[in-house]
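S.K.: Got a predicted structure plus its sequence, pasted below:
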Amino acid sequence: MARGELILRQWNLLRLLQTRGEGVPLREIADALNVSERTVQRDFEALQEIGFPLEFEEDDCGRRFWRMPAGFFRSGPLVLGITEAISLHLAERMLEPLAGTLFVDGLNRVLDKIRTLMPTAALNYFARLESMVFVRHLGATDHAAHADTIRVITEAIRQELTILVGYKSFWRGAEYETLFDPYGLVYFDGEMFVLGNSHRASGLRILKIARVSSAKATHRRFERPADFDLGEHFRASFGIVHVAGEPVSVVARFTGSAAALVGERAWHESQQVAWLEADATLFEDAPEGAEEIVASFRLSSTIEFKRWIKGFGAEAEVLQPGWLRDELRAELQSAAARYATP
């Protein structure tokens with residue numbers, strides 16, 4: 001038997017015992033896990049050896065009802081299932097790009113409390129699950145270097161205090177200072193951003209935390225607009241870039257492998273996908289023999305969309321609007337010219 005299958009079965013065994021405080025008979029456990037009673041007994045022995053205090057009660061007929069101790073994982077008002085605790089332990093890997101910041105510090109404090117309640121051997125045992133689920137971060141930013149900046153901004157958001165920000169402009173290649181009213185933090189594609197009102201630009205701007213060279217709270221208060229919604233602000237964006245104005249309809253055709261890749265995933269909230277040879281949608285099976293799909297989006301900015309669609313090469317084509325076709329044609333021709341034979 002594969003090691004991963006063994007661990008997952010024992011994980012499910014613990015979950016079953018944790019949710020049935022009155023106890024579960026051996027036969028029922030075996031049926032639920034689709035194994036023999038002898039296999040369940042071996043699992044009991046293995047789990048007890050690494051520190052899980054499994055116990056049982058016998059009825060008048062001598063049948064044993066297995067369970068976890070009622071107070072095994074109770075700490076004040078917090079009650080966690082054992083498998084929930086293990087999931088939190090593994091969740092550390094998901095937040096590695098934010099390591100060293102107040103967000104992960106909070107998780108680490110919770111996990112430290114959990115670790116004091118769980119046997120070390122048990123944590124080490126289930127940590128092997130990490131070999132089955134690998135979380136890969138490509139080109140991740142080290143946010144630990146900006147932990148103080150994030151802390152200042154977070155507190156300023158909470159108290160609605162204007163901050164004085166030093167910022168390294170990507171496009172201008174220069175650094176400037178501005179007063180900034182932070183409305184909220186945005187985590188996108190492994191990067192942290194802050195959205196707010198820039199006094200220098202007299203309007204909403206989004207700043208990348210990695211480019212903030214300094215952040216200092218002032219005593220000046222601002223009032224965030226009552227109707228402002230952080231999630232709604234980005235609804236018409238394909239990524240993190242937002243442009244004011246009405247969204248436009250963008251339609252593109254995909255063929256070959258690009259059709260399959262686009263059709264199996266929701267890339268944007270407004271996405272509508274149809275196979276060319278039938279009325280199948282994104283949530284239906286592709287019709288037999290279909291190799292092309294048309295996808296439509298409602299976007300206020302096409303900057304990130306253009307980068308995305310160019311990644312599909314010759315298997316993608318923008319159908320409308322016409323001006324976006326013209327922009328892409330010019331950019332692709334310029335790129336092709338770089339590869340021309342000298």
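M.R.: Received, thanks. Computed from a prediction, not measured in an experiment: that's the story for all the values here. Numbering: from 1, shown residues only.

S.K.: Please count neighbours and contacts with C-alpha atoms only from this point.
M.R.: OK.

S.K.: At which residues are the strands of this protein located?
M.R.: 24-25, 55-58, 64-67, 74-75, 78-79, 161-168, 175-188, 191-198, 203-208, 212-221, 248-255, 272-275, 292-299, 316-320 (DSSP state E).

S.K.: Next, format the ones you listed as CSV and append mean neighbour count.
M.R.: As requested, these are exported to CSV (neighbours: other CA atoms under 10 Å):
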stretch, mean neighbour count
strand 24-25, 17
strand 55-58, 14
strand 64-67, 20
strand 74-75, 12
strand 78-79, 10
strand 161-168, 21
strand 175-188, 19
strand 191-198, 19
strand 203-208, 18
strand 212-221, 15
strand 248-255, 19
strand 272-275, 21
strand 292-299, 22
strand 316-320, 18
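
S.K.: need those in a markdown table with distance to Leu17, can you?
M.R.: As requested, the strands of the chain are exported to a markdown table (distance: least, CA to CA, whole Å):
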| stretch | distance to Leu17 |
| --- | --- |
| strand 24-25 | 7 |
| strand 55-58 | 10 |
| strand 64-67 | 5 |
| strand 74-75 | 15 |
| strand 78-79 | 15 |
| strand 161-168 | 50 |
| strand 175-188 | 37 |
| strand 191-198 | 40 |
| strand 203-208 | 47 |
| strand 212-221 | 50 |
| strand 248-255 | 49 |
| strand 272-275 | 44 |
| strand 292-299 | 47 |
| strand 316-320 | 52 |
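
S.K.: TSV for the ones you listed, including distance to Ala236 and mean pLDDT?
M.R.: Listed next are these as TSV, based on distance: least, CA to CA, whole Å; pLDDT from 0 to 100:
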stretch	distance to Ala236	mean pLDDT
strand 24-25	51	90
strand 55-58	55	84
strand 64-67	51	86
strand 74-75	44	48
strand 78-79	39	50
strand 161-168	26	95
strand 175-188	15	93
strand 191-198	15	93
strand 203-208	15	93
strand 212-221	26	94
strand 248-255	9	94
strand 272-275	14	87
strand 292-299	5	93
strand 316-320	17	95
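
S.K.: of all those, which lies closest to Ala140?
M.R.: strand 191-198 (7.4 Å; CA to CA).

S.K.: which other residues reach the closest one?
M.R.: 97, 140-141, 178-187, 203-210 (CA atoms under 8 Å, 6 or more residues apart in numbering).

S.K.: residues in contact with Thr116?
M.R.: Applying CA under 8 Å, 6+ apart, no residues contact Thr116.

S.K.: Now do it, the pLDDT please.
M.R.: With respect to pLDDT, Thr116 has a value of 71.

S.K.: so how far is Ile7 from the spatially closest residue to Ile163 that is not a sequence neighbour?
M.R.: Using CA to CA, 6 or more residues apart in numbering and skipping the chain neighbours, the partner closest in space to Ile163 is Ala217 (4.3 Å). Ala217 sits at a distance of 49 Å from Ile7 (criterion: CA to CA, to the nearest Å).
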